[in-house]
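Asker: Sequence plus the predicted model coming up.
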Amino acid sequence: MEKRIKGFSKLSKQAKMEWLAKAHLAQPDAGMALMQSYMHADAAIQKRHDEFIENTVANYYLPFGVAPNFLINGKVYTVPMAIEESSVVAAAAKSAQFWMSRGGFRSSILSSTKIGHIHFMFGGDGPTLQAVFDAHLSQIRASTAHITANMEKRGGGILDIRLVDKTEALAEYYQVEVRFDTRDSMGANFINSCLEEMAKVLKACAREDARTAHSPLDVVMCILSNYTPECLVRCEVSCPMEEMLEGTDMTAAEFAHKFHRAVRIAEVEPYRAATHNKGIMNGIDAVILATGNDFRAVEAACHAYAARNGSYSSLTHCSVEDGVFRFWIEIPLSLGTVGGLTQLHPLVKMALEMLGNPGAHELMMIVAASGLAQNFAALRALTTTGIQKGHMKMHLLNILNQLGASETEKEIIAAQFAKLVPHHADVVKAFYDLRGLPLPETH
Ligand code: MEV
């Protein structure tokens, strides 16, 4: 069957599924049945999911788990996490438990300003452009009044508008840089709408003002920046060094120092920093997804921030001084607890309710704690038992599920691997041995 198609988006959902199954799947009926089996039983909820994106043909499930016992600023949270990677939720819960008895996480908002730009080209004289910009600034700002009115009622809005000369980086390149306070919304639509409105007026002003009329001002694009270094949260844990007990043959002091060294390595070595920060993002993205936020935006912001000093580095830091162990994270998190998916996705609503319906600031503090907890768990494992022990326990289950093991077979094989690292090949062999079957060649 022809694999190309015209007018796909105009087809009904059923017709899209049928075309997809026939054109691309070896067993179209089985494919149809699979897509159908993932549809929600409640037609209204399914319709909502269908309408989140275009061309929906099924739902894609991720496990929704919770990590209890997060003590953050004196309040206990059960943190929702949507993630497919085994061990992440268990690691968060283990860290939360560890820090619960050591004062918990202390989070604070350093700033919550968001930034957007009108990127434009102007071939004329810079100081003249600045004079024209200054003369028309109130007009440019006023053009957004119909958009900002509601946000202003909530205490937010436009904080600052300025012209930036970027011609040293790129000939004729200028920006109008705008700072926003978007309160409890992530604010992407609000910011982009304001920018587009301002750009129209900027263009018109430059065209009509005699000082700039002779050199056209060409708006290239208007868009928020996902780099949000002014939307920053900090989270810290600390305890007397002797409380850094690990349950291995290391002393508390040895563990604290080894942990500190592991963080220092991630601070100076980009190869390690990328993995270190990936582990942090395991904890962050899972909460971001569960609470209906945009994990791609958060990823972009965090990695840009990690490279802000010119070399990619760790997002967490550690000190062991005067007998006190301190471990902290400082990250840009532009989040929303109103708008977007937050009121539309039933599980997102539940996730926010579990957290006590936090505002954006409180959610930033919870997410930062989750990232720090995740990094603590990873470094604790890496510097003591090694990462594979904990990872592979869940991995074992995944391998056995892939092989189609029964519950009894899972129990027997799990017992065999209780004290062993379950390497894939060994588990497969154990499974076929248990069934008394020869090992297939494909394994
Ligand atoms: C795996 O998803 C994350 C880790 O690699 C993080 C780290 O190395 O710090 C365990």
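Answerer: Looks like it arrived, so ask away.
Asker: tally of neighbours for the residue of the stretch 251-400 of the chain at minimum distance from the ligand?
Answerer: Across the stretch 251-400 of the chain, no residue is closer to the ligand than Gly279, which sits at 2.6 Å (C-beta to the nearest ligand atom). Every residue, glycine included, has its C-beta placed from N, CA and C. Gly279: 23 surrounding residues under other C-beta atoms under 10 Å.
Asker: ok, and the closest residue to it other than its chain neighbours, which helix or strand is that part of?
Answerer: Counting by C-beta to C-beta, 6 or more residues apart in numbering, the nearest residue to Gly279 once its immediate chain neighbours are dropped is Ala378, at 4.1 Å. Using DSSP states H and E, Ala378 sits in helix 360-383.
Asker: could you check whether that helix is close to the ligand?
Answerer: Yes. Residues of helix 360-383 contacting the ligand under C-beta under 6 Å from any ligand atom: Ala378, Leu382.
Asker: what's the model's confidence in that helix, averaged?
Answerer: What helix 360-383 shows for mean pLDDT is 97.
Asker: Report the buried residues of that helix.
Answerer: 360-383 (16 or more other C-beta atoms under 10 Å).
Asker: Verify the contact between the residue nearest to Gly279 and Ile387 for me.
Answerer: Yes. Counting by C-beta atoms under 8 Å, Ala378 touches Ile387, with 7.0 Å between them.
Asker: tally of neighbours for Pro216?
Answerer: Neighbours of Pro216 under the rule other C-beta under 10 Å: 13.
Asker: Surely Ser107 is in a strand?
Answerer: Yes. Judged by DSSP: H, G, I helix; E, B strand; the rest coil, Ser107 forms part of a strand.
Asker: Tell me where the stretch 151-300 of the chain has helices.
Answerer: Counting by DSSP state H, counting those that start in this stretch, the stretch 151-300 of the chain has helices at residues 188-208, 252-268, 270-290, 295-306.
Asker: Identify, out of the ones you listed, the most deeply packed stretch.
Answerer: helix 270-290 (a mean of 22; mean count of other C-beta atoms under 10 Å).
Asker: how near is the residue in the stretch 1-150 of the chain positioned nearest to the ligand to Asp426?
Answerer: Nearest residue of the stretch 1-150 of the chain to the ligand, counting by C-beta to the nearest ligand atom: Glu85, 5.9 Å away. For Glu85, the distance to Asp426 equals 22 Å [C-beta to C-beta, to the nearest Å].
Asker: again with Glu51
Answerer: Separation of Glu51 from Asp426 (C-beta to C-beta): 47 Å.
Asker: So which of the two has more stuff around it?
Answerer: Asp426 (16 against 10).
Asker: chain center to stretch 50-63, what's the gap?
Answerer: Centre-to-centre, stretch 50-63 and its host chain are 19 Å apart (C-alpha atoms, centre = their mean, to the nearest Å).
Asker: Give me the contacts around that stretch.
Answerer: With C-beta atoms under 8 Å, 6 or more residues apart in numbering as the test, stretch 50-63 has contacts from 8-9, 13, 16-17, 20, 34-35, 38-40, 46, 49, 82-84, 289, 341, 344-345.
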